[in-house]
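Novice: with the sequence up front, the predicted model follows.
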Amino acid sequence: MHSKRADNHTWRTIKSGLASTVAFISALLVIAPLGLVFFHLLVNGASSVNWDFFTKLPTPVGTPGGGMVNAIVGSLELLAFASIIGIPIGVLGGVYLAEYGTARGNFALRFMADVLNGVPSIIWGVVVYGLIVLRFKSFSAYAGGLALGFIMVPLVTRTTEEVLLLVPAGYREASLALGISRWKTIVHIVMKTALKGIVTAVLLALARVAGETAPLLFTAFGNRFWNHNLSEPVAALPLQIFSYAISPYDDWHRQAWAGALVLVAMIFLVNLVVRFLTRERVAQVP
Amino acid sequence: MDATTGPAIAAVELQSARRAMAPPSRFGDKAFEWLTLLMALGLVVLVILLGWELWRGSSLAVRKFGFHFLTTSTWDPVAEQFGALPFIYGTLVSSLIALLIAVPLSIATAAYLTELAPLWIRQPLVSLIEMLAAIPSVILGLWGIFVMIPWLRDYPFPLLKRLFGWTPFFTGPIYGPSMLAGGIIIAIMILPIVTSISREILRSVPNLQREAAYALGATRWEATRIAVLSYAKNGLFGAVILGLGRALGETMAVTMVIGNTPQIAASLFKPGYTLASVIANEFTEATTDMYLQALFEIGLVLFGITILSNLLAQLLLHTMSTTFTTRAVQ
């Protein structure tokens, strides 16, 4: 009897150990693609990332060399335009959700933001195509930036709201008790306290849309040359990677890997900055 | 002299004191509140814009094809015959494959991260999973074309054919780009999000649950299974449905590996096509109005099914948690 119980206990311990091992292997499998993608990006892309890549235009098929400077600049243009739409609407919308409004109204707005966050990014491309491209009869940098801006709005709104709610209510009360008006309290006390969090929210949203391809396919459209006019098609790094990846030419495949390496490096850099910022924020907020 | 200046000075002092004590102007407050409200209403505008543009862009096709659009499988732009069934089938099957692969791995990983792992390993693992989430779809697709597909074609696919060739799912020639490859790449795309939401949910399980299980002499795994996982069932289901929503709308990576052939075939080695992929591939080629209308209607269908799955997920997640944050959702 006693020994049987002891056996049972041993078996249960073994089972617990087995379950932990299976869970550990699952965790390894989940992060395996990260390691593999990064490894292959370095192996296939590193050799093509050189000075020319950052300074030259794409060359015609068959001519080796060339770079993606127009796509890098195009991506930055699109991100700048998206920021003009996404940051003010997102941040101030987040302020409203955190500081004003009725419980029921805010619940509805929050719900809409969550629904918008779940909309596939290609749908935004379709919507902006109908809204801008069909109307003005041209693919354009405006259309691409607008699509990315639309994607940013609900992302920035929700994260801004969250970081503002982290600011202790006592800060607001103390400021209002000194006779400082509500809006000055919000701008100078609450938003200033949460500034790092807001910057984090914006950077994460920018990193997210920087890699978006689907909404740009038929808005920004891509361009093999310099774009001098925002109402004309513009190149973007993810678009260029896509069109090179599905092309039949080895030389373009190499360029696609190089572009992918540069894009991932930029996105990871932003994520590292964000991690640095948030670590300090956690330490600061009491 | 004194008699006249004294009261005058007093009056001036009183006036300035009154001015200092006057309540601050409320104009700034009102203006700022209205400004933020206006920006928050941007969300409503976006929702209306989405619905309006998709409906307007597809109304002719909806009127012409009606319900047949969803149930017929001829996709012939030249003859202007449009049936979306193969795309709906491809979207559902590839997402289902993705869920079958991603859900067990994600939930096991989430349980590992919150319950089973040594403390020092948890934060680095979470950071790595966040980095995986940050990889753009198009880059995963690039990796899929040049690394994953050749590997799948040489090793796992022939093995699957040998082992399960007697079922209709693993028959026929092996090309590489296929429904199965599409499902696998979508699985990789949704692994981080399902894992991080599941992790948030497991973290929100009260510690009392665990303490009670340990007090009864449970082992670590027994406590996880009985006290944590079963307690969090609804929330985990919500995480799965949210993953489904992401899987249905996944575009670039799956377009690059699924083969883009509109057909309904039992074999997972055969190429397929998804709703999102057909929009990505054919939108700029739509030469006639009706073709464009049909593609808008595909967008409408895709929007509809992702919204439905997201609504269900929100409902399940709201029943679950108080501490659940949306940080993980992004």
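Specialist: That came through fine.
Novice: the helix or strand hosting residue B:210 vs chain A: in contact?
Specialist: In the assignment (DSSP states H and E), residue B:210 maps to helix B:207-215. No - using Cβ under 8 Å from any Cβ of the partner chain, helix B:207-215 never reaches chain A; the gap is at least 12.0 Å. The C-beta positions use only the backbone N, C-alpha and C, and glycine is treated the same way.
Novice: going by neighbour count, list what's buried in that helix.
Specialist: Residues B:209-210, B:213 are the ones in helix B:207-215 that count as buried (16 or more other Cβ atoms under 10 Å in any protein chain shown).
Novice: got CSV for those, with distance to residue B:163 too?
Specialist: As requested, the buried residues of helix B:207-215 are exported to CSV (distance: Cβ to Cβ, whole Å):
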residue, distance to residue B:163
B:209, 41
B:210, 40
B:213, 39
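Novice: list just the nearest of those to residue B:296.
Specialist: Residue B:296 lies nearest to residue B:209 out of the buried residues of helix B:207-215, by Cβ to Cβ, at 48.9 Å.
Novice: does the closest one touch residue B:231 like I think?
Specialist: Yes - with contact defined as Cβ atoms under 8 Å, residue B:209 counts as touching residue B:231 (5.5 Å).
Novice: and the contacts of the helix holding residue B:210?
Specialist: Here helix B:207-215 makes contact (Cβ atoms under 8 Å, 6 or more residues apart in numbering or on different chains) with B:115, B:222-223, B:226-228, B:231.
Novice: ok, the buried residues of helix B:207-215 vs chain A, which is closest?
Specialist: residue B:213 (12.0 Å; Cβ to the nearest Cβ).
Novice: from the contacts of helix B:207-215, which land in strands?
Specialist: Among these, none falls in strands (DSSP state E).
Novice: now, the most widely separated pair of the residues you listed?
Specialist: B:222 and B:231 (13.4 Å).
Novice: give me the residue from the stretch 1-150 of chain B nearest chain A.
Specialist: For the stretch 1-150 of chain B, Cβ to the nearest Cβ, closest residue to chain A: residue B:136, 2.7 Å.
Novice: can I get the CA coordinates of stretch A:51-62 in PDB?
Specialist: Provided in PDB are the C-alpha atoms of stretch A:51-62 (Å, rounded to 0.1, in the frame of the first residue of the first chain):
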ATOM      1  CA  TRP A  51      27.300  51.600 -50.000                       C
ATOM      2  CA  ASP A  52      25.700  51.300 -53.500                       C
ATOM      3  CA  PHE A  53      22.600  49.800 -51.900                       C
ATOM      4  CA  PHE A  54      22.000  53.000 -49.900                       C
ATOM      5  CA  THR A  55      23.000  55.400 -52.600                       C
ATOM      6  CA  LYS A  56      22.000  54.100 -56.000                       C
ATOM      7  CA  LEU A  57      18.700  53.600 -57.900                       C
ATOM      8  CA  PRO A  58      17.700  50.100 -59.000                       C
ATOM      9  CA  THR A  59      19.400  49.000 -62.300                       C
ATOM     10  CA  PRO A  60      17.500  47.400 -65.200                       C
ATOM     11  CA  VAL A  61      17.300  43.600 -65.400                       C
ATOM     12  CA  GLY A  62      20.600  42.100 -66.300                       C
END
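Novice: which residues touch residue 53?
Specialist: No chain was given, so I picked chain A. Contacts of residue A:53 by Cβ under 8 Å, 6+ apart are A:67-69, A:255, A:258, A:262.
Novice: switch to chain B, please.
Specialist: By Cβ under 8 Å, 6+ apart, the neighbours of residue B:53 are A:126-127, A:130-131.
Novice: pretty sure it belongs to a helix, no?
Specialist: Yes - checked against DSSP: H, G, I helix; E, B strand; the rest coil, residue B:53 lies within a helix.
Novice: picking that back up, restrict the contacts of helix B:207-215 to those near chain A?
Specialist: Among these, proximity to chain A is found for residue B:222 (Cβ under 8 Å from any Cβ).
Novice: quick one on the thing from earlier: just the buried residues out of the contacts of residue B:53, in ChimeraX syntax.
Specialist: In ChimeraX syntax, the buried subset of the contacts of residue B:53 is picked out as below (16+ other Cβ under 10 Å):
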select /A:126,127,130,131
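Novice: out of the contacts of residue B:53, list just those in helices.
Specialist: A:126-127 (DSSP state H).
Novice: now for the contacts of residue B:53, which pair is the farthest apart?
Specialist: Every pair of the contacts of residue B:53 checked by Cβ to Cβ; the farthest is A:126 and A:131, at 9.6 Å.
Novice: just the buried residues of stretch A:169-183, please?
Specialist: For stretch A:169-183, a neighbour-count test (16+ other Cβ under 10 Å) marks A:171-172, A:175, A:180-183 as buried.
Novice: and if you look at stretch B:161-179?
Specialist: Using 16+ other Cβ under 10 Å as the test for burial, stretch B:161-179 gives B:161, B:170-171, B:174, B:176-179.
Novice: over to stretch B:237-246?
Specialist: Buried residues in stretch B:237-246, defined by neighbour count with 16+ other Cβ under 10 Å: B:237-246.
Novice: any idea whether the residue nearest to the spatial centre of chain B is helix, strand or coil?
Specialist: The centroid of chain B falls nearest to residue B:246 when counting by Cα atoms, centre = their mean (2.8 Å). Classification of residue B:246 using three-state DSSP returns helix.
Novice: mind listing what it touches?
Specialist: So residue B:246 contacts A:118, B:189-190, B:193 (Cβ under 8 Å, 6+ apart).
Novice: run through who's touching stretch B:153-166.
Specialist: B:170-171, B:174-176, B:180, B:269.
Novice: and the nearest residue to residue A:185 once chain neighbours are set aside, what pLDDT?
Specialist: Spatially, and ignoring its direct neighbours in sequence, residue A:185 is nearest to residue A:175 (4.2 Å; Cβ to Cβ, 6 or more residues apart in numbering or on different chains). pLDDT for residue A:175: 93.
Novice: test my guess that residue A:175 contacts residue A:186.
Specialist: No - counting by Cβ under 8 Å, residue A:186 is not a contact partner of residue A:175; they are 9.1 Å apart.
Novice: identify the residue spatially nearest to residue B:181, adjacent ones excluded.
Specialist: residue B:257 (4.5 Å).
Novice: need the contact list for the one you found.
Specialist: Counted by Cβ under 8 Å, 6+ apart, residue B:257 has contacts B:141, B:144-145, B:148-149, B:177, B:181-182, B:185.
Novice: give me that answer again for 6 Å
Specialist: B:144, B:149, B:177, B:181-182, B:185 (Cβ atoms under 6 Å, 6 or more residues apart in numbering or on different chains).
Novice: which of those residues has the most neighbours?
Specialist: residue B:182 (33 neighbours; other Cβ atoms under 10 Å in any protein chain shown).
Novice: is it true that that residue touches residue B:96?
Specialist: No - judged on Cβ atoms under 6 Å, residue B:182 makes no contact with residue B:96 at a distance of 11.1 Å.
Novice: rewinding a little: redo the buried residues of helix B:207-215 as a markdown table? Include pLDDT.
Specialist: Shown next, in a markdown table, are the buried residues of helix B:207-215 (pLDDT from 0 to 100):
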| residue | pLDDT |
| --- | --- |
| B:209 | 92 |
| B:210 | 94 |
| B:213 | 94 |
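Novice: just those now: which is nearest residue A:250?
Specialist: residue B:210 (55.9 Å).
Novice: how close does that closest one get to residue B:120?
Specialist: 20 Å (Cβ to Cβ, to the nearest Å).
Novice: I'd say residue A:190 and residue A:169 touch.
Specialist: No - judged on Cβ under 6 Å, residue A:190 makes no contact with residue A:169 at a distance of 9.9 Å.
Novice: now the helix holding residue B:210: how far from the chain's centre is it?
Specialist: Here the centre of helix B:207-215 is set off from its chain's centre by 33 Å, with Cα atoms, centre = their mean, to the nearest Å.
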